[in-house]
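# A structural model of the following input is requested.
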Amino acid sequence: MKMIVTGAGRGLGREIVKEALGRGHKVAAGLRSLDTNMEPLQELQARASGRLTLLELDVDEEESVLKAKEAMAAKWGALDALVNNAGILLAREQPIEQLEFAAVENTFRTNLLGPMKMVKHFLPLMKNSAHPCILNVSSEAGCFSWAHGRDYPYGLSKAALNFFSAQLRKELSPQGFAVYALHPGWIRTPMGGSEAPGDPADTAQSILDLVEGKIEADAGAWMIDREGEAMPF
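Numbers count the residues shown, from 1 in each chain. As a prediction, the model looks like this:
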């Protein structure tokens, strides 16, 4: 299987890359910059026997996404799985009276428009796959039942990502695509914090099981947890 993971430099993204390599897949690790935090991925690359590509990829910039797509089209020609993992968390504690709209705009640019750009440009490569899968890493914060005050940029962006995932599923499922919006759980990552109870390595294993079809997800769900069960929306 050939897979691209965005936001692969740390946290859950890096764990997904590690798990995919451990299962023998070819992986392109999307990174905003190839100049910082490279040592862990370079160590993985040294052991991966040519199966790990470190790909400069800033999902905020469409030109960067297009350049990455052209590079992988030349290298692979097809793509089996796209994991849209890159995300940011800004202005979580700001009440609406103090909300900085630059934080809202930046969050939507990464958390929603980033995955949209990735699908737009990489979809032609995915149509060359026998079993294509798009997995958008979302959050329960984007569900009505988990709406949190003072979490406007992140929560709204993830709610929009959930709806985008539902739209994609309607369009692409008849073409043989699996499309998921997934809540990864509260896990110990730079975003989730050290107090989180979940291990990102466990979530990475579940994500690979979903992508490989070992977990059969609830087909009618707007959003699923890492076990493939429908999340209350």
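# how about low-confidence regions in the protein?
Regions of the chain meeting the criterion pLDDT under 70 are absent.
# Please, where are all the strands along it?
2-5, 26-31, 52-56, 81-84, 133-137, 178-183, 224-225 (DSSP state E).
# Compare those and give me the one nearest A147.
Closest to A147 of those is strand 178-183 (C-beta to C-beta; 14.2 Å). Just so you know, the C-beta spots here come from the backbone N, C-alpha and C atoms, and that holds for glycine as well.
# Can you tell me what sits against the closest one?
Strand 178-183 is contacted from outside by 131-140, 161-162, 165-166, 168-169, 172-173, 207, 210-211, 213, 217, 222-226, 231, using C-beta atoms under 8 Å, 6 or more residues apart in numbering.
# Now that strand: buried residues?
Residues of strand 178-183 classed as buried: 178-183 (neighbour count, 16 or more other C-beta atoms under 10 Å).
# Residue most distant from the centroid, the chain?
Going by C-alpha atoms, centre = their mean, the residue of the chain most distant from its centre is E97, 31.2 Å out.
# From L156, how far out is it?
Applying C-beta to C-beta, to the nearest Å, the value for E97 to L156 is 17 Å.
# and which of the buried residues of strand 178-183 is nearest T36?
Among these, L182 lies closest to T36 (C-beta to C-beta), at 27.1 Å.
# Tell me what the closest one is bridged to.
Taking DSSP bridges as the rule, L182 bridges to V137, I224.
# what's the distance between it and G77?
For L182, the distance to G77 equals 27 Å [C-beta to C-beta].
# what does stretch 49-58 rub up against?
Here stretch 49-58 makes contact (C-beta under 8 Å, 6+ apart) with 4, 6, 17, 21, 24-34, 38, 41-42, 44-45, 64-65, 67-68, 71-72, 75.
# Kindly check the end-to-end length of it for me.
This stretch, stretch 49-58, spans 26 Å end to end (C-alpha to C-alpha, to the nearest Å).
# List the buried residues in that stretch.
Going by neighbour count (16+ other C-beta under 10 Å), the buried part of stretch 49-58 is 51-55, 57-58.
# now stretch 131-149
By 16+ other C-beta under 10 Å, the buried positions in stretch 131-149 come out as 132-143, 146.
# Could I get the residues you listed in JSON lines, plus columns for distance to D202?
Output for these, formatted as JSON lines (distance: C-beta to C-beta, whole Å):
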{"residue": "P132", "distance to D202": "25"}
{"residue": "C133", "distance to D202": "20"}
{"residue": "I134", "distance to D202": "22"}
{"residue": "L135", "distance to D202": "16"}
{"residue": "N136", "distance to D202": "19"}
{"residue": "V137", "distance to D202": "14"}
{"residue": "S138", "distance to D202": "18"}
{"residue": "S139", "distance to D202": "17"}
{"residue": "E140", "distance to D202": "17"}
{"residue": "A141", "distance to D202": "20"}
{"residue": "G142", "distance to D202": "21"}
{"residue": "C143", "distance to D202": "21"}
{"residue": "W146", "distance to D202": "21"}
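# This completes my enquiry, with thanks.
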